[in-house]
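1. sequence unavailable; structure follows:
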Ligand SMILES: [Zn+2]
């Protein structure tokens, strides 16, 4: 079990939600930057809601319900995750989610893992929630990242939120709440988890990697949270990311070949690179509109020079990341975006 106390930046959000856990509405939307531990917070809330003998605002960790959850076999915990995100989830979430696409996987093991949470998964969830609880009487459904619901699955989810089964909690977790229909957002209480300031991230990483000095600012500027930095360090990919950050923060890309930039992006994974570019575009749009920095304590040195181009890039990448595409399409799309950035920075 990961102790939520390890993530000091989530303490305020946890105190806020755990203080009133007995009177929470059935729709709970947890938002905040990527990679800051929102999934762990959702899991801790699930423990508390399903525990048979909670101690004030903490799950006991001992009862049958807590044990079932820890062993990833709780009958009243239902998790929907897109297939391509399954490996990045904390273990109990991963194992519980597997139940919902075992049959699909068996049907076609050669197809690409889906990026979306389809309507069939939400229908199956709906059928499961109708059944009687196997433990405490309460049932918890976790959907993460909830922005991967497509329009059909959002409609199906809306019905669940409008006519909830008794003692059911639906926890939606996302870094992109603007992608959810307003009708869904309006039926949930929202818990916003603030991003850690760079100093907090630095201390957290220093405790884990006392031998390594990591410049966390470029990661923060690209919307990469502490848990993602941790995964990058574990994977030995630090240098690849730092090379790319240097390029994206240069005042000019004069003479830079867009295909070389695309190659550097590909090296960290095309989807990861596209999310970084999308985050940079959104940060630029926000800062131009409000004058407020998206990442606390980070100056935004932009990869984009004008508002129109930032908006266009942000929307196009968002659309692309939702669509089912092949590897060749991904590469071409990435090259298109890199071409735009290089041309703009030269003008
Ligand atoms: Zn318990």
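-> Structure's in. What do you need? These numbers come from a predicted model, not from an experiment.
2. quick one: low-confidence ranges for the stretch 151-300 of the chain?
-> Low-confidence segments of the stretch 151-300 of the chain (pLDDT under 70): 249-255, 292-300.
3. all helices for it, in order.
-> Counting by DSSP state H, counting those that start in this stretch, one finds helices in the stretch 151-300 of the chain at the ranges 151-162, 182-185, 198-208, 217-221, 226-234, 238-248, 258-267, 270-290.
4. for the stretch 1-150 of the chain, which segments count as helices?
-> For the stretch 1-150 of the chain, the helices defined by DSSP H, counting those that start in this stretch occupy 11-18, 38-50, 64-70, 91-98, 102-107, 119-130.
5. packing partners of the fourth one?
-> Put plainly, it is helix 91-98. Applying 3 or more Cβ pairs under 8 Å, 6 or more residues apart in numbering; DSSP states H and E, one finds that helix 91-98 contacts helix 38-50, strand 77-80. C-beta here means a position set from N, CA and C on the backbone, and glycine is covered the same way.
6. deepest-packed of the helices of the stretch 151-300 of the chain, please.
-> Ranked by mean neighbour count, these are led by helix 217-221 with a mean of 22 (mean count of other Cβ atoms under 10 Å).
7. contacting residues for the closest residue to residue 205 other than its chain neighbours?
-> Nearest non-adjacent residue to residue 205, counting by Cβ to Cβ, 6 or more residues apart in numbering: residue 214, 5.5 Å away. Each residue near residue 214 by Cβ atoms under 8 Å, 6 or more residues apart in numbering is listed here: 202, 205, 229, 233, 238.
8. so which of the residues you listed would you say is closest to residue 134?
-> Nearest to residue 134, judged by Cβ to Cβ, of these is residue 229 at 38.5 Å.
9. related to what we said a few turns ago, lowest average pLDDT across the helices of the stretch 1-150 of the chain?
-> Ranked by mean pLDDT, the helices of the stretch 1-150 of the chain bottom out at helix 102-107, with a mean of 52.
10. could you check how far residue 120 is from residue 101?
-> 9 Å (Cβ to Cβ, to the nearest Å).
11. more neighbours: which of the two?
-> residue 101 (22 against 15; other Cβ atoms under 10 Å).
12. for the more buried one, give me the pLDDT.
-> The model reports residue 101 with a pLDDT of 72.
13. right, and it touches residue 118 too?
-> No - between residue 101 and residue 118 there is no contact under Cβ atoms under 8 Å: 9.5 Å.
14. may I have the strands that pair with the strand ranked longest in the chain, each with its orientation?
-> For the chain, the strand that runs over the most residues, judged by DSSP state E, is strand 168-174. Strand pairing for strand 168-174, using DSSP bridges, gives strand 27-31 (parallel), strand 139-143 (parallel).
15. okay if I get the ones you listed as JSON lines plus mean pLDDT and mean neighbour count?
-> As requested, these are exported to JSON lines (pLDDT from 0 to 100; neighbours: other Cβ atoms under 10 Å):
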{"stretch": "strand 27-31", "mean pLDDT": "97", "mean neighbour count": "23"}
{"stretch": "strand 139-143", "mean pLDDT": "96", "mean neighbour count": "27"}
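16. quick one: which of those strands is nearest the ion?
-> Ranking these by their distance to the ion (criterion: Cβ to the ion) puts strand 139-143 first, at 13.4 Å.
17. quick one: distance of the closest one to the chain centre.
-> Counting by Cα atoms, centre = their mean, to the nearest Å, strand 139-143 is centred 16 Å from the centre of its parent chain.
18. same check on stretch 150-157?
-> Remark: stretch 150-157 is offset 19 Å from the chain centroid, using Cα atoms, centre = their mean.
19. again with stretch 258-272
-> Distance, centroid of stretch 258-272 to centroid of chain: 21 Å (Cα atoms, centre = their mean).
20. contacts for it?
-> Residues outside stretch 258-272 that contact it (Cβ under 8 Å, 6+ apart): 237, 240-241, 243-244, 247, 253, 273-274, 277, 321, 330-331, 334-335, 338-339, 341-343.
21. what distance do you get for residue 25 to the ion?
-> Separation of residue 25 from the ion (Cβ to the ion, to the nearest Å): 23 Å.
22. wait, doesn't that residue sit right on residue 186?
-> No - Residue 25 is beyond contact range of residue 186, at 11.4 Å (criterion: Cβ under 8 Å).
23. coming back round to it: in a markdown table: the contacts of residue 214, plus distance to residue 169.
-> Shown next, in a markdown table, are those (distance: Cβ to Cβ, whole Å):
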| residue | distance to residue 169 |
| --- | --- |
| 202 | 35 |
| 205 | 33 |
| 229 | 31 |
| 233 | 34 |
| 238 | 38 |
